[in-house]
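[1] Generate coordinates for the sequence data below:
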Amino acid sequence: MTDYAPIRRALISVSDKTGVVELARTLAAEFNVEILSTGGTARVLREAGIEVLEVAAYTGAPEIMGGRVKTLHPKIHGGILARRGVDDADMAAQGIAPIDLVVVNLYPFAKTIAAPDCDYTAAIENIDIGGPAMLRAAAKNHAFVTLLVDAGDYAGVLAEMRTNNGAVSPQQRQRLARAGFAHSAAYDCAISNYLAGIGAPTAAESALPEHYGSHYRKQQELRYGENPHQRAAVYANDETATPDLVRAHQHQGKALSYNNLADADAALACIQAFTDVPACVIVKHANPCGVATGTDLASAYLRAFATDPVSAFGGILAFNRELDVAAARQILANQFAEIILAPSVSAAALQVLQEKKNLRVLTLGDWSRGHSRGFAIKPIAGGLLVQDPDTQLLAKDKLKVVTRAQPDNAQMRDLLFAWQVAKFVKSNAIVYARDNQTIGIGAGQMSRVDSARIAGLKAADAGLTVAGSVMASDAFFPFRDGLDTAAENGITAVIQPGGSIRDDEVIAAADEAGIAMLFTSMRHFHH
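    This next block holds a predicted model:
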């Protein structure tokens, strides 16, 4: 790679015009750089009083096809790709001048497809062709050419040029080339993933792409990972539209840790399942330890907290409404919390929460239209496991009562509530609930009957009465012992997927105890 590369000619063609006028003005005024530019960018620069040579005038080839073809020309790509001292004869023969700086960012494809009214035609028109070609050419030839794809890098390059008589260091050019290829990779991933989702596959077809890729941009270095000896950072998916956890607004508190973010994601997933009434979810170690609805957030919080006050200590609290003063005061009066997560927080509630300076308060904005998580991804040795997210809702018309006892209206309400919670509890999952409040939760056990026992123990420790509650199980009972345990605890109704080869034995156990039981024909394993 050559040493410091002087910049005498720049090609500027950007979709995002942030900072581009200031950049071009400085290049021209301080360093006497000739500016080449394309239609829209050239117009903006010219209106700002900056002398610009349009690419069409420079190449002698007009923009055609509505701007689809404008920079795909030997005088452009030859000027970018030419190896100084190697390709000089070809350049002279073809009348090609070297281009030392390429400033380019691409059509906003991800932003376009995130719009609710985006259709297929609009998406395709926002696939950039000339931009990636220039970007990749400049990045490949970074031995001689400087590439800028991010307005955040403009000031640093200008500062280096001032220090080095209008030239840029090889280390900087290599870093910027790496950023350019990452930018291009993210762009291609967004397009590929969008096209993979076109066509509305039927349930019988596979919606999983043959090649899976997604680009993530580092947002922040974290102090460490799950443990102090592990490095960690949080990355944002360039294709994801807000609201999301990575781009949440933090109003106060310490920096978020790896474990904070993992637990907050579990809390967010669970709270978003509740929309109709005020609700609170308390998560500890990625499992809900208390969930409840209420007439307002304060009552919902108190009922969720009552499920397991011991585990709630240091937990993540999530709410589905704007957090108000009453709820904020109840939280501070009852427990130490790591994070409070909500769509928004009132100004008065924020003032109350400032009593605890280290408490993190995050808002995500309106999530009433839902939150797309894309595919669920899990790294394994040598690759990835990729699956659809578990977003399928329970079809009430497919619920099947399999016992002699029929659930009454109150039991049915509580069964559906418990089922919603069980979906977010690590398997094997057992949830006891009554009056839209969790009474006991058993999570993550190797045996389902152990989860049932733990749910009962948790309820007893919290001073809550299991008798009269309902039970949800995320998967079928392989033996009748789970139902026998439920009967011993006074459970009156059960909801579970069914499908065990011993279903008849399990149903018989429920009938013996006078328990009503529903089959959902849907499993919600959560590992």
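
[2] residue ranges of the helices in the stretch 151-300 of the chain, please?
    154-163, 170-196, 258-271, 297-307 (DSSP state H, counting those that start in this stretch).

[3] Spatially central, which residue of this structure would that be?
    Asp244 (5.3 Å; C-alpha atoms, centre = their mean).

[4] returning to that earlier point: weakest of the helices of the stretch 151-300 of the chain in terms of mean pLDDT?
    Sorting the helices of the stretch 151-300 of the chain by mean pLDDT places helix 170-196 lowest, at a mean of 87.

[5] Report the residue ranges of every domain in the protein.
    Annotated domains of the chain cover 5-196, 245-363, 396-519 [automatic domain parsing].

[6] need these in TSV with mean neighbour count and distance to Tyr235, can you?
    All C-beta spots, glycine's among them, are computed from the backbone N, C-alpha and C. Output for those, formatted as TSV (neighbours: other C-beta atoms under 10 Å; distance: least, C-beta to C-beta, whole Å):
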stretch	mean neighbour count	distance to Tyr235
domain 5-196	18	11
domain 245-363	20	8
domain 396-519	21	23
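
[7] Compare the mean pLDDT across those domains and name the weakest.
    Among those, domain 5-196 scores lowest, with a mean of 87.

[8] Can you get me the start-to-end distance on that one?
    This stretch, domain 5-196, spans 42 Å end to end (C-alpha to C-alpha, to the nearest Å).

[9] likewise stretch 289-301?
    12 Å.

[10] what's the distance between it and the middle of its chain?
    On the basis of C-alpha atoms, centre = their mean, to the nearest Å, stretch 289-301 sits 26 Å off its chain's mean C-alpha point.

[11] Residues in contact with it: which ones?
    270, 274, 277-283, 302-308, 311-312, 315, 317, 319, 321, 323-324, 326-327, 329-331, 417, 421, 436-438, 441 (C-beta atoms under 8 Å, 6 or more residues apart in numbering).

[12] and what of stretch 86-97?
    By C-beta under 8 Å, 6+ apart, stretch 86-97 touches Arg9, Pro74, Lys75, Gly78, Gly79, Leu81, Ala82, Pro98.

[13] go again using 6 Å as the cut-off
    Contact with stretch 86-97 is made by Lys75, Gly78, Gly79, Ala82, as judged by C-beta atoms under 6 Å, 6 or more residues apart in numbering.

[14] between those, which is nearest Ala56?
    Lys75 (11.0 Å; C-beta to C-beta).

[15] Make sure that closest one is actually in contact with Gly60.
    No. At 8.1 Å, Lys75 does not count as touching Gly60 under the criterion of C-beta atoms under 6 Å.

[16] distance of the residue nearest to His285 when sequence neighbours are not counted from Asn358?
    Leaving aside its sequence neighbours, His285 sits nearest to Asp263 (C-beta to C-beta, 6 or more residues apart in numbering; 6.9 Å). Distance, Asp263 to Asn358, by C-beta to C-beta, to the nearest Å: 16 Å.

[17] three-state assignment of Ala61?
    coil (DSSP: H, G, I helix; E, B strand; the rest coil).

[18] In terms of helices and strands, where is Ile35?
    strand 34-37 (DSSP states H and E).

[19] which other residues reach the helix or strand just after that strand?
    Counting by DSSP H and E, the next helix or strand C-terminal to strand 34-37 is helix 39-47. Residues outside helix 39-47 that contact it (C-beta under 6 Å, 6+ apart) are Ile12, Ser13, Val14, Lys17, Ala24, Ser37, Val52, Glu54.

[20] Which of these fall in strands?
    In this view, these that belong to strands under DSSP state E are Ile12, Ser13, Val14, Ser37, Glu54.

[21] What ranges does the stretch 351-500 of the chain have for its strands?
    Applying DSSP state E, counting those that start in this stretch to the stretch 351-500 of the chain gives strands spanning 360-363, 376-380, 383-387, 400-401, 430-434, 437-442, 470-473, 493-496.

[22] From the geometric centre of this structure, which residue sits farthest away?
    Outermost residue of the chain (C-alpha atoms, centre = their mean): Ala93, 51.7 Å.

[23] where does that one fall, helix, sheet strand or coil?
    Ala93 ends up helix, using three-state DSSP.

[24] what's the answer for Glu338, then?
    Looking at Glu338 with three-state DSSP, the answer is strand.

[25] Packing partners of the helix or strand Ile76 falls within?
    Per DSSP H and E, Ile76 falls inside helix 74-81. The helices and strands touching helix 74-81, judged by 3 or more C-beta pairs under 6 Å, 6 or more residues apart in numbering; DSSP states H and E, are helix 130-140.

[26] can you tell me which of the contacts of stretch 86-97 lies nearest to Ala255?
    Using C-beta to C-beta, the contacts of stretch 86-97 come closest to Ala255 at Gly79, 45.4 Å.

[27] any idea how far that closest one is from Ala433?
    Gly79 is 69 Å from Ala433, by C-beta to C-beta.

[28] Then Pro228?
    38 Å.

[29] Same check on Cys270?
    Per C-beta to C-beta, Cys270 is found 14 Å from Ala433.

[30] swap in Phe525?
    Phe525 is 20 Å from Ala433, by C-beta to C-beta.

[31] Check Ile127 too.
    From Ile127 to Ala433 the distance is 49 Å (C-beta to C-beta).

[32] for Gln219, what are its contacts?
    Val234, Ala236, Val246.

[33] Serialize these to CSV and add fields for distance to Ala342.
    What follows is the contacts of Gln219, written out as CSV (distance: C-beta to C-beta, whole Å):
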residue, distance to Ala342
Val234, 20
Ala236, 21
Val246, 17
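
[34] Show me which of those residues is closest to Ile495.
    Of these, the one sitting nearest to Ile495 (C-beta to C-beta) turns out to be Val246, at 34.0 Å.

[35] Would you confirm that the closest one contacts Ala236?
    Yes. Val246 is within contact range of Ala236, at 4.5 Å (criterion: C-beta under 6 Å).

[36] helix, strand or coil for the residue nearest to Leu297 when sequence neighbours are not counted?
    Once flanking residues are discounted, Leu297 sits nearest to Ala327: 3.9 Å by C-beta to C-beta, 6+ apart. Under three-state DSSP, Ala327 falls in the helix class.

[37] dump the residue contacts of Ala327.
    Leu297, Ala298, Tyr301.

[38] Any figure for the gap between it and Gly49?
    Ala327 is 55 Å from Gly49, by C-beta to C-beta.

[39] okay, the strands of the stretch 351-500 of the chain in JSON lines with distance to Leu394 next?
    JSON lines is the format used below for the strands of the stretch 351-500 of the chain (distance: least, C-beta to C-beta, whole Å):
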{"stretch": "strand 360-363", "distance to Leu394": "29"}
{"stretch": "strand 376-380", "distance to Leu394": "19"}
{"stretch": "strand 383-387", "distance to Leu394": "19"}
{"stretch": "strand 400-401", "distance to Leu394": "12"}
{"stretch": "strand 430-434", "distance to Leu394": "14"}
{"stretch": "strand 437-442", "distance to Leu394": "18"}
{"stretch": "strand 470-473", "distance to Leu394": "11"}
{"stretch": "strand 493-496", "distance to Leu394": "9"}
